[in-house]
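Undergrad: Model the structure of this input:
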Amino acid sequence: MAEKNDLSDIRNIGIMAHIDAGKTTTTERILYYTGKSYKIGEVHDGAAVMDWMEQEQERGITITSAATSCTWKSKQINIIDTPGHVDFTVEVERSLRVLDGAVAVFCAVGGVEPQSETVWRQAEKYRIPRIAFINKMDRVGADFQRVVSMMTERLGTNPVIVQIPVGKESGFEGVIDLVQEKMYVFDEETLGQEVTEKDIPDEYRDRFTAAHMVLIEKLADFDDGIMEKFLDDTSVSATEIFRAVRKATLDLNIVPVFCGSAFKNKGIQPLLDGIIHYLPSPIDVPAMVGEGKKGEEIIRKADTKEMFSGLIFKIMSDNFVENLAFIRVYSGEIKIGDKVFNPVKKKKEKVSKLLHLHANKREEVDCLKAGDIGAVIGLKFSTTGDTLCTSGDYIVLESMEFPEPVIGIAIEAKSKADEKKLEETLLKITLEDPSFKISKNEDTGQTIISGMGELHLDIIVDRLLREFKVNANVGKPQVSYKETISAVAEGEGKFDQLTGAKGQYGHVILRVEPLERSEGVLFESLVKDNQIPSEFLGAIEKGIRDSLDAGSLIGYPVTDIKISLVGGSYIEDESTEMAFGIASAMAIRRVAFDAEPLLLEPIMDLEITCPDEYLGDMMNDLNSKRAKVVGIDTKDGLQIVKAHAPLSQMFGYTTSLRSATQGRASFSMQFERYDVVQKKRADEIIRKIRGI
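TA: Presented below is the predicted three-dimensional model:
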């Protein structure tokens, strides 16, 4: 294991990609070749180390981010294998938040697929340096150059090829390294463990020369030394290329591109070298910036001598301990028995145990230091996105934003005895998964659980029944609609009541106006202090926001609305926060009803791949679902159709697409936006939900 104090020897990386591009298979090979696993686990056999949940093994997909650690050439690599299915995008989001670098895996046949774009944008948001691995070069239809072009077109990135494949499809033999100027062949009998280094064959010499020239030319844009040698037509050494590629990668100017076939055990060792050479250590990334008690900026360097600070990026329920809190330590160190402070919850916490993780196996350690990713046991108040710091210190690190759920189902305990267990278990899952929400339907009294998609809820229900042994009845999936307004309106709310000897008085005048889609809820105060003192503004805003959780149409949350406090009054000894909260709630309910409320529905972004001969049938089926086609591409006898469709029409789409195309089409779907439901359709939905 790398010397713990040498932060330059640590790599915190994530493996990310579209579903089925081969992330988990690639991770399994990394663990095998680094000696972490003594045998290779296969996803299709349900034996992958990183897919340890029953639900993952049965479905052959990754659901939860699994963390592990291994060593390659004396460097410690901490890896998080993230899910590829869009329903679990939150798992990717919170993993990327705490990682320093990432390996983006692309399928050599599918190329840049929709979820690849989503995770790429997430990595852009956190400014994470990346390298790309074009996997499945052994598959029929593999096209290395096409995937590189797609990276430029779809991701708007600058891919720089550092390896070229030798052969393709069933003839894929190995790779030629453009930096070392060598060919690597992987021995199939030793499961790729033996790597033979060869000179570049004559038939590949021209292709190598051209690709090497392109590499030098691209690096010349970012390195003056290479630019000079390029203009003088002087040869550039491998050391100079390594240095230039590393710097340009860390500066987010390029993405080095590798290739191989994880399943056929080819190309993984050079990828590991690439992780070591080109991805950052904790000291290569900018120092962590946090916020102090007064909102001032505080900088913490990745150094064990600094004061301790860390970010909790995931909470996991466990059968043996209360909760496991996954933490990335950014500065200082945390030890068993330490008392730490959570500035978000304003609570002190005690650390009873610290762990290093390998999927679902644990290794107890005495301390976690700057640059480490591990888990803490013993925290009572902390949740996902919270900061921990030294007791007596105060720093809040940037947290994470999580998307709103778009689909819900009703759930109820089968018997009175199961009610408490169901309630406790749902709260446990809410702690684990920030994209999972529980709500009560005021009209029916039903408990509604909401998530990011059918699969997300399917997995949660499966865990409730099997893992937590809860007996429950589950309804059919239903769409999480939202409400908004379409007109400007003004109205007032007045609460004036005598309670005991003292009066309660609050009076507000509110104006509401519609906002553009996805702008959320904005509140502003336009009143002076002599009208309503500023100490009551917090209570007014809270009263408004709490009321907007259930709109006037059919009780769905209200969004894309601006609320302005334009008037009101107070009485010195009688006005209270409670009175202003009630007055605000009364006002917003009245005024939102007058502002011509509208219903919003989630619109999904679809990409359907379909053989030419079934295009007509597939399009007819799509049209029947109120879908709007936004683009069609053609590739090798396949039509790739991009469309937007209401989520309400997409339940069971897998079955209808199969029957329209005799099972030969595939699709991926992710949330795009909320949009207004046409009046006639909205009236039908409202009548149905109200039971009229």
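
Undergrad: what sits up against stretch 651-669?
TA: Applying C-beta atoms under 8 Å, 6 or more residues apart in numbering, the external contacts of stretch 651-669 come out as 18-19, 86, 113-115, 453-454, 477, 604-611, 614, 617-618, 620-621, 625, 650. To be clear about C-beta, it is placed using only N, CA and C from the backbone, and glycine gets the same treatment.

Undergrad: Show me the shaky parts of the stretch 451-600 of the chain.
TA: Low-confidence segments of the stretch 451-600 of the chain (pLDDT under 70): 499-501.

Undergrad: So which other helices or strands are in contact with the strand or helix carrying Asp458?
TA: Following DSSP states H and E, one finds Asp458 within helix 454-466. For helix 454-466, the elements it packs on are helix 54-59, strand 407-413, helix 416-432, strand 447-451, strand 472-474, judged by 3 or more C-beta pairs under 8 Å, 6 or more residues apart in numbering; DSSP states H and E.

Undergrad: Show me the helices in the stretch 251-400 of the chain, by range?
TA: 268-278 (DSSP state H, counting those that start in this stretch).

Undergrad: so where do the strands sit in it?
TA: Taking DSSP state E, counting those that start in this stretch, the strands of the stretch 251-400 of the chain run over residues 255-259, 288-291, 297-300, 309-317, 323-331, 333-335, 339-342, 347-350, 353-358, 361-365, 367-369, 373-377, 387-390, 396-397.

Undergrad: so which of the helices and strands packed on helix 454-466 is the most packed in?
TA: Among those, strand 447-451 has the highest mean neighbour count (mean count of other C-beta atoms under 10 Å), at a mean of 22.

Undergrad: Okay, now the sheet partners of that strand, with direction.
TA: In its sheet, strand 447-451 lies beside strand 407-413 (antiparallel), strand 437-440 (antiparallel), with partners assigned from DSSP bridges.

Undergrad: where do the helices sit along the stretch 501-650 of the chain?
TA: 537-547, 577-594, 615-623.

Undergrad: So which of these is nearest Pro201?
TA: Closest to Pro201 of the helices of the stretch 501-650 of the chain is helix 615-623 (C-beta to C-beta; 42.3 Å).

Undergrad: Kindly export that closest one (C-alpha atoms) in PDB.
TA: Taking Å, rounded to 0.1, in the frame of the first residue of the first chain, the C-alpha atoms of helix 615-623 are listed here in PDB:
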ATOM      1  CA  LEU A 615     -39.000   2.200 -38.100                       C
ATOM      2  CA  GLY A 616     -42.600   2.800 -39.300                       C
ATOM      3  CA  ASP A 617     -44.200   0.600 -36.600                       C
ATOM      4  CA  MET A 618     -42.000   2.100 -34.000                       C
ATOM      5  CA  MET A 619     -42.900   5.700 -35.000                       C
ATOM      6  CA  ASN A 620     -46.600   4.800 -35.000                       C
ATOM      7  CA  ASP A 621     -46.300   3.500 -31.500                       C
ATOM      8  CA  LEU A 622     -44.400   6.600 -30.500                       C
ATOM      9  CA  ASN A 623     -47.000   9.000 -32.000                       C
END
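
Undergrad: For Gly555, find the nearest of the strands of the stretch 251-400 of the chain.
TA: Among the strands of the stretch 251-400 of the chain, the nearest to Gly555 by C-beta to C-beta is strand 309-317 (29.8 Å).

Undergrad: Tally up the residues packed near Ser569, please.
TA: 16 (other C-beta atoms under 10 Å).

Undergrad: Contacts only, for the nearest residue to it once chain neighbours are set aside.
TA: Nearest residue to Ser569, sequence neighbours excluded (C-beta to C-beta, 6 or more residues apart in numbering): His507, at 4.6 Å. Listed by C-beta under 8 Å, 6+ apart, the contact set of His507 reads 492-496, 568-570, 583.

Undergrad: make it 7 Å
TA: By C-beta atoms under 7 Å, 6 or more residues apart in numbering, His507 lies in contact with 494, 568-569, 583.

Undergrad: Show me the two of those residues that sit farthest apart.
TA: Using C-beta to C-beta, the contacts of His507 reach their maximum pairwise distance at Ser569 and Ala583, which is 10.1 Å.

Undergrad: Among the contacts of stretch 651-669, name the buried ones.
TA: Among those, those that count as buried by neighbour count (16 or more other C-beta atoms under 10 Å) are 18-19, 86, 113-115, 453-454, 477, 604-610, 614, 617-618, 621, 625, 650.

Undergrad: Just the ones of the residues you listed in strands?
TA: In this view, the buried ones among the contacts of stretch 651-669 that belong to strands under DSSP state E are 604-610.

Undergrad: rewinding a little: Glu398 is nearest to which of the helices and strands packed on helix 454-466?
TA: In terms of C-beta to C-beta, the element of the helices and strands packed on helix 454-466 nearest to Glu398 is helix 416-432, at 20.8 Å.

Undergrad: So what touches the closest one?
TA: Residues contacting helix 416-432 (C-beta under 7 Å, 6+ apart): 315-317, 323, 383, 413, 436, 438, 449, 460, 464, 468, 470-472.

Undergrad: Now pLDDT and distance to Gln193 too, for the ones in strands among the buried ones among the contacts of stretch 651-669, in TSV please.
TA: Listed next are those as TSV, based on pLDDT from 0 to 100; distance: C-beta to C-beta, whole Å:
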residue	pLDDT	distance to Gln193
Met604	87	44
Asp605	88	42
Leu606	88	42
Glu607	86	38
Ile608	88	41
Thr609	84	36
Cys610	85	41
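
Undergrad: Which one of these is nearest to Glu596?
TA: Closest to Glu596 out of those is Met604 (26.6 Å), distances taken as C-beta to C-beta.

Undergrad: how much space between that closest one and His18?
TA: Distance, Met604 to His18, by C-beta to C-beta, to the nearest Å: 16 Å.

Undergrad: just Leu231 next, same as before
TA: Distance, Leu231 to His18, by C-beta to C-beta: 40 Å.

Undergrad: cool, and Thr71?
TA: 29 Å.

Undergrad: before we move on, what about Asn620?
TA: With the distance defined as C-beta to C-beta, Asn620 ends up 27 Å from His18.

Undergrad: Same check on Met213?
TA: 32 Å.

Undergrad: Next SSE downstream of the helix or strand of the chain with the lowest mean pLDDT?
TA: Ranking every helix and strand in the chain by mean pLDDT, DSSP states H and E puts helix 54-59 at the bottom, with a mean of 43. Later in the chain than helix 54-59, the nearest helix or strand by DSSP H and E is strand 66-72.

Undergrad: Which other helices and strands does that following strand contact?
TA: Applying 3 or more C-beta pairs under 7 Å, 6 or more residues apart in numbering; DSSP states H and E, one finds that strand 66-72 makes contact with helix 23-33, strand 75-81, strand 353-358.

Undergrad: so which of the ones you listed comes closest to Leu7?
TA: Once the helices and strands packed on strand 66-72 are compared by C-beta to C-beta, strand 75-81 is nearest, at 9.9 Å.

Undergrad: ok, and the closest non-adjacent residue to the residue most central in space within the chain?
TA: Against the mean C-alpha coordinate of the chain, by C-alpha atoms, centre = their mean, the closest residue is Glu93 at 2.5 Å. Once flanking residues are discounted, Glu93 sits nearest to Gln122: 5.6 Å by C-beta to C-beta, 6+ apart.

Undergrad: what mean pLDDT would you report for the helix or strand the one you found falls within?
TA: If you go by DSSP H and E, Gln122 is part of helix 114-125. Averaged over helix 114-125, pLDDT sits at 80.

Undergrad: neighbouring contacts of it?
TA: 16-19, 84, 86, 89, 92-93, 96, 102, 104, 106, 130, 154-155, 605, 607, 668, 670.

Undergrad: Just checking: what are the partner strands of the helix or strand that it is followed by?
TA: Where DSSP H and E defines the elements, the next helix or strand beyond helix 114-125 is strand 130-135. Strand 130-135 sits in its sheet next to strand 101-107 (parallel), strand 255-259 (parallel), going by DSSP bridges.
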